[in-house]
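Undergrad: I need the structure of the sequence given here:
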Amino acid sequence: MSNSRGNRLTRSLRAAALPALAGLAVSAPTETLAQTLVWSDEFDGTSLNSSNWEPLFGTGTAYGLPAGWGNNELQYYTDRPQNVYVQNGQLHIVARSENYAGSNYTSARLRTRNLQEFLYGRIEARIKLPSGQGIWPAFWMLPTGSPYGGWASGGEIDIMESTNFADEIYGTIHFGGNWPNNTYNGGTIITGEDFSQDFHVYAIEWRPTEIRWFLDGQQYYVLQNNQWYSDGAPGNPLAPFDSPFHLLLNVAVGGNFPGNPNGGAGFPMEMVVDWVRVYELGSQAPFDNTPLVIPGRIEAEEYDLGGPGLAYFDADASNNGGQFRPDEGVDIEAASPTGFNVGWLRQGEWIEYTADVQYPGRYRVTSRVASNNAGGGEFRLELDGSALTGPIAAPGTGGWQNWTTVQSTLELPAGEVEIRFQNLGTDAQSFNIDWFEFEFLSCLGDANGDLFVNFTDVTEVLGNWLNSYSPGSGIGDANLDGIVDFSDLTTILSNWLATCD
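TA: Presented below is the predicted three-dimensional model:
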């Protein structure tokens, strides 16, 4: 349900294309338990709550759209009680056949723009749909102040749409470029029911890297972030669905998607909404849904998904650099000569990175840092609350983009881990960080450096037993304590046949 004339093309294509997905198999129950209810409207008052909903008016021209709301729709939207009212704990949106302000139909369209806006979560509503030729009810979302441009470069999420006789439910996203360079993706579900006969719960679970559609708790479609993009952010794999969106509820009449009423529709027809609810899902995941690989480089801006308190802590709520993931709180700016860096790190701030460590053992970590603050700052890396490194100094470099590198060593287990960058600086210190480079040095238990832990390592230790040993060489020092002795045999035995390569 777009607010742009681009939908003239989109909907006419959809009418032909999406029904091919009809009958898409409904998966087994996969509904994620939502953690926290963050907002709802139960419609338990006597009138529409103006703190939640704003009615829209007319045919679209008052909002910069061509008449017909960009889709050749026939209705004139009003806030009259004939078209929208609250009664007995339910919201009613009523489409009527009547001559009003030059249109032959009236209805209502409500939005939460600048009132209630959301970035990620489970968004759901319990709705009873209207049914009839030319009728088009929708529960959907649009961006507010999109940083990526207009429709559909800024995105659109259709949680539920139905057309005509309420026997098919559509879940769709719109994205790509500004009209006419927009595109879409989505699925439908047909269960054999008439969705106008009873209430059903329509929902999405919206995470940074995926959107899932649900009907009565059953998932019927999912899209991953590699299936969408925005021309307004070619370097951002999460755009355009990583900025706040607001909700819309409306019933359109006619238009490109459903076609027009044929005289047989039984007006008035109404959509009844029992409630609308938004939950915080509260989960942490690696950026772009793929753990970063160690050994290798971790770009500082590719911190985990999940938001404040889960993936990061930042001293203020906004992205002061305004670059890359602009609606999250971590300060990110363009780096010299290319890419992005996390900027102006302040006291107590931290960021987490999910990584896949290929080999257990010792690593050298090199970090690219810069600071216009003469005192620079310092940080360390942590694993499960324990320090992996001592304090690492980030010196003053005479400019926020005057880069230098600093190094430390650390030991890591193999497998998936969450590494925390923890700023240790005082309130008077601040610095930037661009990336972390992890270089593999030696495998824990691998005394002879062949990347395997086996009996030959025992031979290596015995051959070096009590001989002079050069700290840092790693030869024979299976437990990395700086000496070659009996404890190295214990380490080898505990890691017997563990493979580093």
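
Undergrad: which residue, other than its chain neighbours, is closest to Leu142?
TA: In this structure, Leu142 finds its nearest non-sequential neighbour in Glu156, 5.8 Å apart by CB to CB, 6 or more residues apart in numbering. Quick note: C-beta positions are derived from backbone N, CA and C, even for glycine.

Undergrad: show me what contacts that neighbour?
TA: With contact set as CB atoms under 8 Å, 6 or more residues apart in numbering, Glu156 has these partners: 1-2, 140-143, 172-175.

Undergrad: what is the nearest of the residues you listed to Gln347?
TA: The closest of the contacts of Glu156 to Gln347 turns out to be Pro143 (CB to CB; 33.5 Å).

Undergrad: how close does the residue nearest to that closest one when sequence neighbours are not counted sit to Glu117?
TA: Excluding the flanking residues, the one nearest Pro143 by CB to CB, 6+ apart is Gly154, at 4.5 Å. Separation of Gly154 from Glu117 (CB to CB, to the nearest Å): 13 Å.

Undergrad: kindly report the same for Phe379.
TA: Distance, Phe379 to Glu117, using CB to CB: 34 Å.

Undergrad: of the two, who's got more company?
TA: Counting neighbours by other CB atoms under 10 Å for Phe379 and for Glu117 shows that Phe379 has the greater number, 24 against 18.

Undergrad: report the central residue of the protein.
TA: For the chain, Pro208 is the residue whose C-alpha lies nearest the centre (CA atoms, centre = their mean; 1.1 Å).

Undergrad: how near is that one to Thr112?
TA: Taken as CB to CB, the span from Pro208 to Thr112 is 21 Å.

Undergrad: assign Val276 to helix, strand or coil.
TA: Here Val276 is recorded as strand under DSSP: H, G, I helix; E, B strand; the rest coil.

Undergrad: which regions of the stretch 151-300 of the chain lie under the pLDDT threshold?
TA: 264-265 (pLDDT under 70).

Undergrad: residue contacts, Gly322?
TA: 332-333.

Undergrad: how about it, secondary structure?
TA: At Gly322 the chain is in coil, as set by three-state DSSP.

Undergrad: quick one, domains of this structure?
TA: Following automatic domain parsing, one gets these domains for the chain: 7-269, 287-442, 444-494.

Undergrad: which one of these lies nearest to Arg277?
TA: domain 7-269 (4.2 Å).

Undergrad: which of the contacts of Glu156 fall in strands?
TA: Judged by DSSP state E, those include 140-143, 172-175 as members of strands.

Undergrad: now the residues you listed as TSV including distance to Asn320 and neighbour count?
TA: Formatted as TSV, the ones in strands among the contacts of Glu156 follow (distance: CB to CB, whole Å; neighbours: other CB atoms under 10 Å):
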residue	distance to Asn320	neighbour count
Trp140	32	24
Met141	27	25
Leu142	26	22
Pro143	21	27
Thr172	35	24
Ile173	30	23
His174	30	29
Phe175	27	26
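
Undergrad: farthest pair within these?
TA: Among the ones in strands among the contacts of Glu156, Pro143 and Thr172 lie farthest apart (CB to CB), at 15.3 Å.

Undergrad: need phi/psi at the residue nearest to Leu142.
TA: phi -150, psi 140 (degrees, to the nearest 10).

Undergrad: how about the residue lying closest to Leu48 once chain neighbours are set aside, secondary structure?
TA: Distances taken as CB to CB, 6+ apart place Val86 nearest to Leu48, at 5.7 Å, with adjacent residues excluded. Under the three-state scheme (three-state DSSP), Val86 adopts strand.

Undergrad: contacts only, for Val86.
TA: Each residue near Val86 by CB under 8 Å, 6+ apart is listed here: 43, 45-48, 92.

Undergrad: ok, of those, which one's closest to Thr354?
TA: Phe43 (40.7 Å).

Undergrad: contacts only, for the closest one.
TA: Applying CB under 8 Å, 6+ apart, the residues contacting Phe43 are 49, 86, 89-91, 273-275.
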